[in-house]
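Undergrad: Structure here, sequence nowhere to be found:
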């Protein structure tokens, strides 16, 4: 029969299991107290094999029960922390297997408590480094979710947004999803100081109108009539609906389009506005197509921090940089409104309307992350 020390060790071993299961479920410390609309999804990016001989079968069961595809086609399986090698290295397996009867209760508790703390610390760092958090930040006019994907847990926030013009600029949505896939597979590419957010489709109604798909889609899903997908389900151009030089009668090329009944009349604009104001990012990048350039934002005048950000993206991507967009009059622009809030923003116009131009844009993305990683730390208010 097991003696009292072995029984105590067994109970503390269960505490290790419960603590690690809870840690995996939370995914990171900032998962606590999220808004009710948030959907947290732990996305496995580690390819390290797991020893199926581990005695922690409850973890295996929890992981199996959570396997289901989420929007965008990503796997949502929770990670397994029962790697036998990690347990052996931590010393917990040894402590549980061999506890001398002569050992006093207090030293045993202190030893195991220390090992538990170390193991949880290691597991927390691994989860933080290798997983993304998906969050629903709002809904479209037709009720489709608008999602963001977070990578990293630094104090400096950078946001990239695709598809504000929906299916008309479908290649920017595809670019955003390719960036999401890249950071899922290369989590170490996000600098330690950075929290990276990607909103792949800011106008899901317009996307669906052209691709008949929610979330990720392929080239073969794109319809022939893309112009109608520029607008949301209410017929409003979402990049004419922001409170900077707003006009209800806006323009796209020489065509009059709706800027909405008032600034932020559309649920998509409201959701993005609140998302930006809540996060207080160091910079925001909007992907558009296909004017071939990087344009600094500014409401009626050039915002110098936006110009500096434009230089960074342009310098590595090869797209030419401009102080402003002058091809035709723009009103109610999202990036211009952001500069009124003191947030640098740029518009990256892809050179084509049917390619993601991945090499150029990956270089620009990484340059922006490095740029903000090298900035002096900012105090982020809660």
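TA: All right, it came through fine. Bear in mind the structure is a predicted one, so any value in this text is a computation, not a measurement.

Undergrad: Surely residue 169 touches residue 288?
TA: Yes. If you go by Cβ atoms under 8 Å, residue 169 and residue 288 touch, sitting 5.8 Å apart. C-beta here means a position set from N, CA and C on the backbone, and glycine is covered the same way.

Undergrad: Next, count neighbours for residue 297.
TA: By the measure other Cβ atoms under 10 Å, the count of residues near residue 297 is 29.

Undergrad: And residue 224, by the same measure?
TA: Taking other Cβ under 10 Å as the criterion, the count of residues near residue 224 is 5.

Undergrad: Ok, residue 322 next?
TA: Neighbourhood size, residue 322 [other Cβ under 10 Å]: 18.

Undergrad: before we move on, what about residue 344?
TA: With neighbours defined by other Cβ under 10 Å, the count for residue 344 comes to 24.

Undergrad: ok, for residue 281, nearest residue in space, not its chain neighbours?
TA: For residue 281, ignoring the flanking residues on the chain, the nearest one in space by Cβ to Cβ, 6 or more residues apart in numbering is residue 157 at 4.2 Å.

Undergrad: What backbone torsions are found at residue 264?
TA: phi 60, psi 30 (degrees, to the nearest 10).

Undergrad: In this structure it contacts residue 243, no?
TA: Yes. Here residue 264 lies in contact with residue 243, judged by Cβ under 8 Å, at a distance of 6.6 Å.

Undergrad: any low-confidence regions in this structure?
TA: 1-131, 376-382 (pLDDT under 70).

Undergrad: the helices in it, which residues?
TA: 4-26, 57-65, 84-90, 92-97, 105-130, 170-185, 204-211, 267-279, 304-317, 334-340, 358-373 (DSSP state H).

Undergrad: re the thing from before, tell me which of residue 264 and residue 243 has more neighbours.
TA: Neighbours of residue 264 and residue 243, each counted by other Cβ under 10 Å, are more numerous for residue 264; the result is 19 against 15.

Undergrad: what about the closest residue to the more buried one other than its chain neighbours, how many neighbours?
TA: Closest residue to residue 264 in three dimensions, ignoring its sequence neighbours and counting by Cβ to Cβ, 6+ apart: residue 270, at 5.3 Å. Per other Cβ under 10 Å, the neighbour tally for residue 270 reads 14.

Undergrad: do residue 146 as well
TA: 22.

Undergrad: Specify the beta-bridge partners of residue 348.
TA: Going by DSSP bridges, residue 348 is paired in beta bridges with residue 287, residue 294.

Undergrad: re earlier: what's near enough to touch the residue nearest to residue 281?
TA: Residue 157 makes contacts with 194, 195, 196, 197, 279, 280, 281, 282, 380, as judged by Cβ atoms under 8 Å, 6 or more residues apart in numbering.

Undergrad: can those go into a markdown table with extra columns for distance to residue 163 and neighbour count?
TA: As requested, these are exported to a markdown table (distance: Cβ to Cβ, whole Å; neighbours: other Cβ atoms under 10 Å):
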| residue | distance to residue 163 | neighbour count |
| --- | --- | --- |
| 194 | 22 | 22 |
| 195 | 21 | 22 |
| 196 | 17 | 25 |
| 197 | 15 | 23 |
| 279 | 19 | 19 |
| 280 | 23 | 14 |
| 281 | 18 | 23 |
| 282 | 22 | 24 |
| 380 | 27 | 14 |
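
Undergrad: Out of those, the closest to residue 318 would be?
TA: residue 196 (21.9 Å; Cβ to Cβ).

Undergrad: Setting aside sequence neighbours, what's the nearest residue to that closest one?
TA: Residue 196 sits nearest to residue 151 (Cβ to Cβ, 6+ apart), 4.4 Å away.

Undergrad: Please report the distance of residue 294 from residue 320.
TA: Using Cβ to Cβ, to the nearest Å, residue 294 is found at 7 Å from residue 320.

Undergrad: so what sits against both of those two?
TA: With Cβ under 8 Å, 6+ apart as the test, residue 294 and residue 320 both reach residue 314.

Undergrad: Show me which of the two is the more surrounded one.
TA: residue 294 (25 against 13).

Undergrad: Would you quantify the distance from that one to residue 349?
TA: From residue 294 to residue 349 the distance is 7 Å (Cβ to Cβ).

Undergrad: what residues are shared contacts of these two?
TA: Any residue near both residue 294 and residue 349 by Cβ under 8 Å, 6+ apart counts here, and that gives residue 319.

Undergrad: got the contact list for residue 154?
TA: Residue 154 makes contact with 190, 191, 192, 193, 194, 195, 373, according to Cβ under 8 Å, 6+ apart.

Undergrad: and if we set it to 7 Å?
TA: 191, 192, 193, 194, 195 (Cβ atoms under 7 Å, 6 or more residues apart in numbering).

Undergrad: go on, residue 244?
TA: Contacts for residue 244 (Cβ under 7 Å, 6+ apart) come out as 299, 332, 333, 336, 337, 340.

Undergrad: switch the cut-off to 6 Å
TA: Taking Cβ atoms under 6 Å, 6 or more residues apart in numbering as the criterion, residue 244 is in contact with 299, 336, 337, 340.

Undergrad: what does residue 171 give?
TA: By Cβ under 6 Å, 6+ apart, the contact list for residue 171 reads 289, 354, 356.

Undergrad: how far away is residue 218 from residue 212?
TA: Counting by Cβ to Cβ - residue 218 and residue 212 are separated by 12 Å.

Undergrad: If you count surrounding residues, which of those two has more?
TA: residue 212 (12 against 9).
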